[in-house]
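S.K.: sequence and predicted structure below; questions after.
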Amino acid sequence: MNSPALQRAIRIAAVLVATTALATAAPAAQPAGETAPPAQPGAQQERMFGPPPPAPPATIARDAANQATLRAVRLTAPLDIDGELDEQVYRDLSPASDFIQI
């Protein structure tokens with residue numbers, strides 16, 4: 001059984017860990033009067049590791065180091081979860097395959 005003192009110490013430690021995580025993840029504040037430049041539509045904000053995205057209709061690309069980049073596809077119609085893969089998206093796109101288990 002945990003004593004009340006031990007439970008309190010665990011709660012304090014959890015709060016400290018959460019506070020530290022939030023403080024390090026928060027973006028740096030900008031000086032007063034300065035604004036960030038507006039984001040360009042479609043601009044990539046993060047550095048991408050691995051091969052460039054595959055060209056449609058492919059959904060996966062690999063490089064020489066076997067790193068993979070998957071291309072997400074926006075659905076234009078809802079999928080009918082009925083066990084049959086008869087929706088248009090399955091006819092139009094190549095499936096991602098050749099996954100490597102490590």
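M.R.: Cool, got the structure.
S.K.: please enumerate the strands of the protein.
M.R.: In the chain, the strands defined using DSSP state E lie at 60-62, 68-70.
S.K.: OK, contacts around residue 61?
M.R.: By C-beta atoms under 8 Å, 6 or more residues apart in numbering, the contact list for residue 61 reads 51, 52, 53, 54, 68, 69, 71. Every residue, glycine included, has its C-beta placed from N, CA and C.
S.K.: quick one on the thing from earlier: Throw the strands of the chain into JSON lines and include distance to residue 10 and mean pLDDT, thanks.
M.R.: Shown next, in JSON lines, are the strands of the chain (distance: least, C-beta to C-beta, whole Å; pLDDT from 0 to 100):
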{"stretch": "strand 60-62", "distance to residue 10": "44", "mean pLDDT": "91"}
{"stretch": "strand 68-70", "distance to residue 10": "40", "mean pLDDT": "91"}
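S.K.: let's have the ones you listed in TSV, adding distance to residue 6.
M.R.: As requested, the strands of the chain are arranged in TSV below (distance: least, C-beta to C-beta, whole Å):
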stretch	distance to residue 6
strand 60-62	49
strand 68-70	45
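S.K.: contacting residues around residue 75?
M.R.: Shown in contact with residue 75 (C-beta under 8 Å, 6+ apart): residue 89.
S.K.: so where's the chain uncertain?
M.R.: Applying pLDDT under 70 to the chain flags the ranges 1-2, 16-46.
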